[in-house]
Every structure is written in C-alpha cells, then in structure tokens.
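K.L.:
Let's see this in three dimensions:
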Amino acid sequence: MSHIFKGLRILDFTKVFSAPFATRMFADYGAEVIKIENKSAPDEARFFPPLKGEWSGYFEILNRNKKAITLDLTNPHDLEILYELVKQSDVFVENLAPQTKYKLRINYEILQKINPSLIYASLSGLGENSTKKYYDILAQAESGLMSLTGTKEQAMKIGPSVVDAFSGMTLAFAISSALFSREKTGFGQAIAVSMKGSAMNLLESNLIEYSLTKKNPERTGNKDNLIAPFGVYNAHNTQIVVAIGNESLWNKFIEIATQYGVDFEKELFISNENRLKNTEQLTLFVESVLQKLPKNRVVDVLTEQGIPASYVYSMADVFDEKDNYDREFLKKINNPDVGEFVVPGKSITFSSDKNIEYTPAPRVGQHNNEYGI
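P.N.:
Numbering: from 1, shown residues only. So this is what the prediction gives:
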C-alpha cells in the first residue's frame, strides 16, 4: 500500500462527487479514510450508474480504498462515538449545508474544542454563508465557464463534471496545506473551498481579457481563441487534434503542406494574429493538408515532424490503449461480484512510494465492527 499519508486518519462525512474525490486521493496514498453514512440515508452516489446489482461504478471510483461505518448523529450515543473518533483523527471533511452541520452538532466550533489540532475541511457551492443547493452545472454557468464553451450560437456544458473534480483537487490541496501548517504551528484550523471559487481558476485569460477590453470572448467551438491552428480538424472521415503552439511548429506544418503540394496564400497566415483573424480560411487549409496525408498515418506524419497531434479517442480507444496500462494511468480491477472493470490509476508518482494498491469501495457500514459500532 502507498505510504505517503500513512498514519493520517480522515473522517469523511461527504457525499456524491467533489469532496469524496478529495478524500479518495488521500486514501489512494495511504491515509485511513473512514466514510461515515447514515444507514437509512447513505451516500446517494451508491445508486448512480453504471450499476450492476447493488454495485455502482460511479461510487467505486470515488470511494475505493476507504472504510465505511454507519452513524445516526441524531442519536446521542452515535454522536458520542463520532466525538471519540474526532479525538483520534487528523482531518474532518464535510460538504453539508451550513444549517445541517449545526443541527447535527458537528460544526467546527464544537469539534475544535474536542480536538484543537483537527483540520476541519468544508466544501460548498458558494461558501459557508450560503444555503443555495449547488451542482457542477450551476458552477459552470455562474462562473462564466459555460459561456466559453460551445458554438457561437449556443453555450454548452463541458461533458464531465470538471468543476466537481477541480474543486475536489483544490480541497485536497487545501487539506495538505493545512496539515503542513500544523506541522509548523501545532494548531489545526478550519478551511473552506467553494465550487464557484474553484471554477474561477479554470477561466484562463478570459476574465482578464474582459476586464481590459470590456468585450466578452467569442466562443470558438473546437478551436482555441488565443492560438491558431489549435483545435479539432476533419481528415479522412475522422477527427484530428492539431496543436501548433508557436511559429516554429507552424513552419514545420508549412513544410508538410509544401511537400504534399498544398498551395496557400502566405499573407493570410503569416502570424498567429493573422491566423486567428482568418480562422475559416485557416481551417480549410489545415484540413486540405490533412486530407493529403496517408489515411492511416495522419498523426504519425505530424508527430514525426514534432507537431503535437492526436486522434480524438473514444472510451473504447482509451480502454484498449496498452500504453495507458503500462504507465498506470488506468488499472484493471477484478471484483468477484461484478467481474473486471477499469478505473483511473495514478496521476501522481512519488519517487519514494510508487505503488498504489486498490481495495474496493466499501459496502454501507462494512467496517462497523472494526470501530466498535
């Protein structure tokens, strides 16, 4: 088992995606993460597809390597059990509505008195002073992120819940930072991460552009609004990503165009600024070059010249690519109840601690006996 966080105990009072994603990162790297649920109202992610019997693949990827107990915090006996666990823990993580944690008597002011060195980590949509129910799609909309995605005619939600994932990573960073601070000071603290605030860090240069020009950036669909050509292009009835990020790469692309006999008007594309202004003509030119390349070697020809390029992979392509497993980006898991499935693997490699083992996401209350419940 990975040992980066060995000896760290985290009480995980979270549901669904963003906060469980954060605590799973600690569980992957050796922390003892105890997932706390109410038996009559467990984490609703347990019922999200893909489903196989009572097993949820959605829940699996967010809660592997954790332990699970059940407590009813409206019951004084169970609340005392939680307080005892708090005394012996390093971190308490929650994504509850503000009024709920006060009602359950698990707010920071109470738990800090029980354990002054506790890191109390909260994740919410807008912040601790808001009761608004929040989801990834709201964060994408209200942060302006959605306005940057899609075609000129219509804004579009980014496919996966990117704000959920990024909020989870932000929360994991915040917890690690608070733990580092505690090493120096000996004191715990409360930390709060908001989904909307996290989403603002995904805006790249678009917000500062508006602040300078007072013009909303135009949606550019599958192209970039700062660099060209940089996006998705059609070739031989498939889609190719071409990322020409500087003039040196552009000159190499011109060499390929010349080699394959594709004519172009030099002045239209003489600089990145010109290429952005003439994006429609540029797209036609790029696609005419790609169409001239050998059908099964389009990406190879570009890559051999140092030009970043890729096919647009489907889930089947990702699943089948051997390199993903060799690099441990993906890992195959055998579960006697559901058979073999594939999960995300390592996104971080520590030189001192290279291996991650996987234990399945726990059943509701699976480890009650281990914690005397």
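
K.L.:
and residue 281, that's in a helix?
P.N.:
Yes - assessed by DSSP: H, G, I helix; E, B strand; the rest coil, residue 281 belongs to a helix.

K.L.:
Burial check on it, number of neighbours?
P.N.:
Counted with other C-beta atoms under 10 Å, residues neighbouring residue 281 total 15. C-beta: built from backbone N, CA, C; applies to glycine.

K.L.:
how close does it get to residue 288?
P.N.:
11 Å (C-beta to C-beta, to the nearest Å).

K.L.:
Can you identify each of the strands in the stretch 201-350 of the chain by residue range?
P.N.:
For the stretch 201-350 of the chain, the strands defined by DSSP state E, counting those that start in this stretch occupy 230-235, 238-243, 309-311, 330-335, 339-344.

K.L.:
So which of those strands has the densest surroundings on average?
P.N.:
With neighbours taken as mean count of other C-beta atoms under 10 Å, these reach their highest mean count in strand 230-235, at a mean of 18.

K.L.:
Show me what that strand is packed against.
P.N.:
strand 238-243, helix 279-292 (3 or more C-beta pairs under 8 Å, 6 or more residues apart in numbering; DSSP states H and E).

K.L.:
how about the CA coordinates for that strand, as CSV?
P.N.:
Output in CSV follows, covering the C-alpha atoms of strand 230-235 (Å, rounded to 0.1, in the frame of the first residue of the first chain):
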residue,chain,number,x,y,z
PHE,A,230,-5.0,24.8,-32.3
GLY,A,231,-8.1,22.5,-32.2
VAL,A,232,-10.1,19.7,-33.9
TYR,A,233,-10.0,19.2,-37.6
ASN,A,234,-11.5,16.7,-40.0
ALA,A,235,-9.5,14.3,-42.1
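
K.L.:
And that strand, how far out from the chain middle?
P.N.:
Relative to its chain's centre, strand 230-235 lies at 25 Å (C-alpha atoms, centre = their mean, to the nearest Å).

K.L.:
just stretch 362-373 next, same as before
P.N.:
In terms of C-alpha atoms, centre = their mean, the centre of stretch 362-373 is set 29 Å apart from its chain centre.

K.L.:
can you list contacts of that stretch?
P.N.:
By C-beta atoms under 8 Å, 6 or more residues apart in numbering, the surrounding residues in contact with stretch 362-373 are 34-35, 37, 39, 42, 46, 63, 66-71, 81, 85.

K.L.:
Any idea which of the strands of the stretch 201-350 of the chain gets closest to residue 317?
P.N.:
Comparison of the strands of the stretch 201-350 of the chain against residue 317 by C-beta to C-beta identifies strand 309-311 as nearest, at 7.4 Å.

K.L.:
Direction included, what does that closest one pair against?
P.N.:
Taking DSSP bridges as the criterion, strand 309-311 sits next to strand 238-243 (antiparallel) in its sheet.

K.L.:
And the average pLDDT for the partner strand is what?
P.N.:
Averaging pLDDT along strand 238-243 gives 97.

K.L.:
One more: stretch 76-89?
P.N.:
98.

K.L.:
Output it in PDB with nothing but the alpha carbons.
P.N.:
In PDB, the C-alpha atoms belonging to stretch 76-89 read as follows (Å, rounded to 0.1, in the frame of the first residue of the first chain):
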ATOM      1  CA  PRO A  76     -26.800  10.900  21.300                       C
ATOM      2  CA  HIS A  77     -25.000   7.500  21.600                       C
ATOM      3  CA  ASP A  78     -23.800   7.600  17.900                       C
ATOM      4  CA  LEU A  79     -22.800  11.300  18.300                       C
ATOM      5  CA  GLU A  80     -20.600  10.400  21.200                       C
ATOM      6  CA  ILE A  81     -19.000   7.700  19.100                       C
ATOM      7  CA  LEU A  82     -18.200  10.300  16.400                       C
ATOM      8  CA  TYR A  83     -16.800  12.700  19.000                       C
ATOM      9  CA  GLU A  84     -14.400   9.900  20.200                       C
ATOM     10  CA  LEU A  85     -13.300   9.300  16.600                       C
ATOM     11  CA  VAL A  86     -12.700  13.100  16.300                       C
ATOM     12  CA  LYS A  87     -10.300  12.900  19.300                       C
ATOM     13  CA  GLN A  88      -8.200  10.300  17.400                       C
ATOM     14  CA  SER A  89      -8.400  11.900  13.900                       C
END
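
K.L.:
Flag every buried residue along it.
P.N.:
For stretch 76-89, the neighbour count (16 or more other C-beta atoms under 10 Å) marks 78-79, 81-83, 85-86, 89 as buried.

K.L.:
Looking at the strands of the stretch 201-350 of the chain, which is nearest to residue 111?
P.N.:
For the strands of the stretch 201-350 of the chain, proximity to residue 111 was assessed by C-beta to C-beta; strand 339-344 is nearest, at 31.6 Å.

K.L.:
What strands flank the closest one, and is each parallel or antiparallel?
P.N.:
If you go by DSSP bridges, strand 339-344 pairs up with strand 330-335 (antiparallel).

K.L.:
I'd like the distance from the strand it pairs with to the chain centre, please.
P.N.:
20 Å.

K.L.:
which residues sit against it?
P.N.:
With contacts defined as C-beta under 8 Å, 6+ apart, strand 330-335 is touched by 55, 318-319, 324-325, 340-345, 358, 360.

K.L.:
Can you lay out those as CSV showing distance to residue 183 and pLDDT?
P.N.:
Below are the contacts of strand 330-335 laid out as CSV (distance: C-beta to C-beta, whole Å; pLDDT from 0 to 100):
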residue, distance to residue 183, pLDDT
55, 39, 95
318, 39, 97
319, 41, 97
324, 36, 97
325, 36, 96
340, 41, 93
341, 38, 95
342, 37, 96
343, 32, 95
344, 29, 95
345, 29, 92
358, 29, 88
360, 32, 93
